[in-house]
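A.B. asks: Structure, please.
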Amino acid sequence: MVCLVCHTITSGRLCPGCARTLHPTSDRLLAGGLRLVAAFEHQGAARELMHHLKYRGVLDFADLVAERIAPRVPRLPLVPVPRALSRRLKYGVDPARLLAQRLGSRLGVPVIDILTPHLHTPRRAGRNHSRPVVPFTLRRAVGGEVMLVDDVVTTGSTVAAAVSAIGRQHLRLVVAANAVPKVSSLSVS
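C.D. replies: Reported below is the predicted structural model:
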């Protein structure tokens with residue numbers, strides 16, 4: 001087998017060196033008190049693997065994330081934060097949807113697409129995050145509690161836009177593959 005990050009020959013998905021750079025993260029509270037469960041800190045191999053998932057369609061990272069997160073979350077329907085249509089067409093992948101599908105398969109819960117994706121939004125990854133996030137629209141009402149799934153939580157503004165569309169009262173928690181440490185807010189506002 002070949003390491004998903006450095007492409008050296010190894011016995012598993014990652015070589016021992018790259019595996020050491022995966023830093024699991026603990027649960028956090030986002031502004032407003034919504035719990036964030038992320039598999040890894042957005043650094044090292046996790047950052048590289050997320051890049052491979054988002055821009056090259058390397059799906060093994062979604063399986064690794066689902067393995068790590070599944071034991072830490074309740075069995076509730078999953079709502080992926082949709083990628084802008086222009087990016088889905090360009091890269092052929094919607095990372096949050098793939099993560100939700102893999103996690104949903106492990107948990108035995110449905111993935112429901114209730115957020116309408118944007119046609120196009122300016123790229124935020126690795127760029128200036130001061131631009132406001134375009135609000136999402138809800139396709140249909142939510143009938144109970146759900147979990148929101150996103151690929152990476154950096155500033156939390158994309159998640160906040162999705163929460164605003166769904167309604168805080170329907171969300172139990174947010175799940176992400178990666179999160180940056182500074183997104184944590186232990187003060188509930």
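A.B. asks: and V93, which of the three is it?
C.D. replies: For V93, the assignment made with DSSP: H, G, I helix; E, B strand; the rest coil gives coil.
A.B. asks: which ones are touching it?
C.D. replies: With contacts defined as CB atoms under 8 Å, 6 or more residues apart in numbering, V93 is in contact with L53, K54, G57, R83. C-beta here means a position set from N, CA and C on the backbone, and glycine is covered the same way.
A.B. asks: one more time with 10 Å, if that's ok
C.D. replies: Neighbouring residues of V93 by CB atoms under 10 Å, 6 or more residues apart in numbering: L53, K54, Y55, R56, G57, V58, L59, A62, R83, R87, D151.
A.B. asks: Helix, strand or coil: sort out the second one for me.
C.D. replies: Three-state assignment for K54 (three-state DSSP): helix.
A.B. asks: show me where the protein has helices.
C.D. replies: Shown for the chain, the helices assigned by DSSP state H span residues 16-20, 44-56, 60-69, 85-91, 95-107, 157-166.
A.B. asks: could those helices be laid out in a markdown table, adding distance to V174 and mean pLDDT?
C.D. replies: Shown next, in a markdown table, are the helices of the chain (distance: least, CB to CB, whole Å; pLDDT from 0 to 100):
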| stretch | distance to V174 | mean pLDDT |
| --- | --- | --- |
| helix 16-20 | 26 | 93 |
| helix 44-56 | 16 | 92 |
| helix 60-69 | 11 | 93 |
| helix 85-91 | 21 | 88 |
| helix 95-107 | 11 | 96 |
| helix 157-166 | 6 | 90 |
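A.B. asks: just to revisit the earlier point, make a ChimeraX selection of whichever of the contacts of V93 turn out to be buried.
C.D. replies: Here is the ChimeraX command that selects only those of the contacts of V93 that count as buried (16 or more other CB atoms under 10 Å):
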select :53,54,58,59,62,83,87,151
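A.B. asks: shouldn't L30 be in contact with T158?
C.D. replies: No - the pair L30 and T158 fails to qualify as a contact (CB atoms under 10 Å) at a distance of 11.6 Å.
A.B. asks: Now distance to I114 too, for the contacts of V93, in JSON lines please.
C.D. replies: Below are these laid out as JSON lines (distance: CB to CB, whole Å):
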{"residue": "L53", "distance to I114": "23"}
{"residue": "K54", "distance to I114": "22"}
{"residue": "Y55", "distance to I114": "26"}
{"residue": "R56", "distance to I114": "28"}
{"residue": "G57", "distance to I114": "24"}
{"residue": "V58", "distance to I114": "27"}
{"residue": "L59", "distance to I114": "24"}
{"residue": "A62", "distance to I114": "21"}
{"residue": "R83", "distance to I114": "15"}
{"residue": "R87", "distance to I114": "20"}
{"residue": "D151", "distance to I114": "18"}
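A.B. asks: Quick check: the gap between the closest residue to D63 other than its chain neighbours and P135.
C.D. replies: Leaving out its chain neighbours, the residue that sits closest to D63 by CB to CB, 6 or more residues apart in numbering is R102, at 5.6 Å. R102 sits 27 Å away from P135, going by CB to CB, to the nearest Å.
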